[in-house]
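Colleague: Need a 3D model of the sequence below.
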Amino acid sequence: MSLVISPSILSADFAQLGHEVERAESATADWIHVDVMDGHYVPNLTIGAPVVRSLSKIAKIPLDVHLMITDPDRYLEDFAEAGATYITVHVEAATHLQRTLSHIRKLGKKAGVALNPATPPDSLAYVIDDVDLVLVMTVNPGFGGQKFINEVVPKITTIREMFERAGKKDLHISVDGGINAETAKIVTAAGANVLVAGSYIYSASNIDDAIKSLRAAEQPRPNAKIPR
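Modeller: Got it, this is the predicted structure:
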């Protein structure tokens, strides 16, 4: 699968979100990652469906919406109608995960599942046919700019192999947290094909160069050695 770069607007200038989306598009980003936090599931509060709706009016690339919220089922229709392309929920936040994923697909959207660093990949075994994307968190969710957790990397390979055995070679495996040109090598070698990067892209002096460096970092499998 081709590499996908999904800049996270969590690290963008919130006073100029429209411009920040356009900057990422001009720099050949593939998706825009939108972190939705409710202050309950994670200790931070960000944006909701009205902002996604506004961004969808100007974005020319898919909106990759990551719901870090409790009871996500209450808001699926809101985010679908707002223009999300991918809607990702956390295993722990969805009371009936399969039902939630099925609902996302019935809304005409791509369904994603997010795994926190301590969430085992076994939780995906019963929803393989309902998943379009798995988001592997390599930091604990809630804040940008955190340090990459090396121990999570083997989980990426486990997930890739699990879905390939089930015949789903087109699954997107996205990685979010501490992604830069060095960690991108590690996670792509492990089997990831979507890189979510916030501060690395939006804090760069040249956003074009930052995205190019992520593309250049892509590695083939087998796994890269995990640094210690």
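Colleague: switch to C-alpha atoms for all contacts and neighbour counts from now on
Modeller: Will do.
Colleague: Is L63 in contact with W31, as I believe?
Modeller: Yes. Counting by Cα atoms under 8 Å, L63 does reach W31; the two are 5.9 Å apart.
Colleague: Compare the two and say which is more crowded by neighbours.
Modeller: Set side by side, L63 and W31 show more neighbours around W31, with 26 against 21, by other Cα atoms under 10 Å.
Colleague: and the more buried one, what pLDDT?
Modeller: Reading off the confidence values, W31 has pLDDT 98.
Colleague: what's the answer for E92, then?
Modeller: 93.
Colleague: Could you tell me which helix of this structure is the longest one?
Modeller: In the chain, taking DSSP state H as the definition, the longest helix is helix 153-165.
Colleague: What residues of that one count as buried?
Modeller: 153, 155-160, 162-163 (16 or more other Cα atoms under 10 Å).
Colleague: Out of those, flag the one nearest to I186.
Modeller: V153 (7.7 Å; Cα to Cα).
Colleague: what's the overlap in contacts for L63 and W31?
Modeller: Common contact partners of L63 and W31 (Cα atoms under 8 Å, 6 or more residues apart in numbering): none.
Colleague: Pass me the low-pLDDT residue ranges in this protein, would you?
Modeller: For the chain, applying pLDDT under 70 flags the ranges 142-146, 223-228.
Colleague: those helices in it, which residues are they?
Modeller: Going by DSSP H, the chain shows helices at 17-26, 49-58, 76-82, 97-106, 153-165, 181-190, 199-202, 207-216.
Colleague: out of these, nearest to P222?
Modeller: Closest to P222 of these is helix 181-190 (Cα to Cα; 5.9 Å).
Colleague: tell me what the closest one is packed against?
Modeller: helix 153-165, helix 207-216 (3 or more Cα pairs under 8 Å, 6 or more residues apart in numbering; DSSP states H and E).
Colleague: And the longest one, how far out from the chain middle?
Modeller: Yep, that's helix 153-165 we're talking about. Centroid displacement of helix 153-165 relative to its chain, using Cα atoms, centre = their mean, to the nearest Å, is 16 Å.
Colleague: residues in contact with that helix?
Modeller: 120-121, 125, 128, 136, 138, 169, 171, 173, 186-187, 190-192, 223, 226.
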